[in-house]
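> Next comes the sequence, and after it the predicted model I'd like to discuss.
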Amino acid sequence: MTALIDNFGQDGSDLAEELGVPAGRYRSSADRRDTEVRLLQNDPASVAYGTELLARVTHLAEKRAFTLLISGLHAVDDVASAYHDLEKLHSRGKVLLGTHLVNSRRIVKARDIYEAGR
């Protein structure tokens, strides 16, 4: 394995070491906290930094350098449903809130179908 990102919020450094991931290629939720707080600032330097990061991510996405798995897309006015997804603690991928969704139709996820049959 060449890199590991732990988004579960626990220290996965032992797992990274066991998998042979170099220390510089392991990141956890705690590692990115400062970056996330900086991106919430409205000063010119922070906005420029966020814009540059977004450009880099866009470039990598265009090259298909990563796959972003979306677990759920919810309208902002349905934030309770998004939190319900997060409370389950077993969503695969990101749970997103959208402000201007093109379609308000709720998308059935494979996980929902699986859980309904159990």
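Cool, got the structure. Numbers count the residues shown, from 1 in each chain.

> Just give the closest residue to Asp11, not the sequence neighbours.
Ser28 (6.4 Å; C-beta to C-beta, 6 or more residues apart in numbering). Every C-beta, even on glycine, is put in place using the N, C-alpha and C of the backbone.

> To what extent is that neighbour buried, counted in neighbours?
18 (other C-beta atoms under 10 Å).

> ok now do it, which residues does it touch?
Ile5, Asp6, Gly9, Gln10, Asp11, Gly12, Ser13 (C-beta atoms under 8 Å, 6 or more residues apart in numbering).

> Per-residue pLDDT of it, please?
Predicted confidence (pLDDT) for Ser28: 84.

> Dig out what it forms beta bridges with.
Asp6 (DSSP bridges).

> What's the separation between the closest residue in space to Phe8 that isn't next to it in sequence and Leu97?
Excluding the flanking residues, the one nearest Phe8 by C-beta to C-beta, 6+ apart is Ser29, at 7.3 Å. Distance, Ser29 to Leu97, by C-beta to C-beta, to the nearest Å: 18 Å.

> Kind regards, and thank you for your time.
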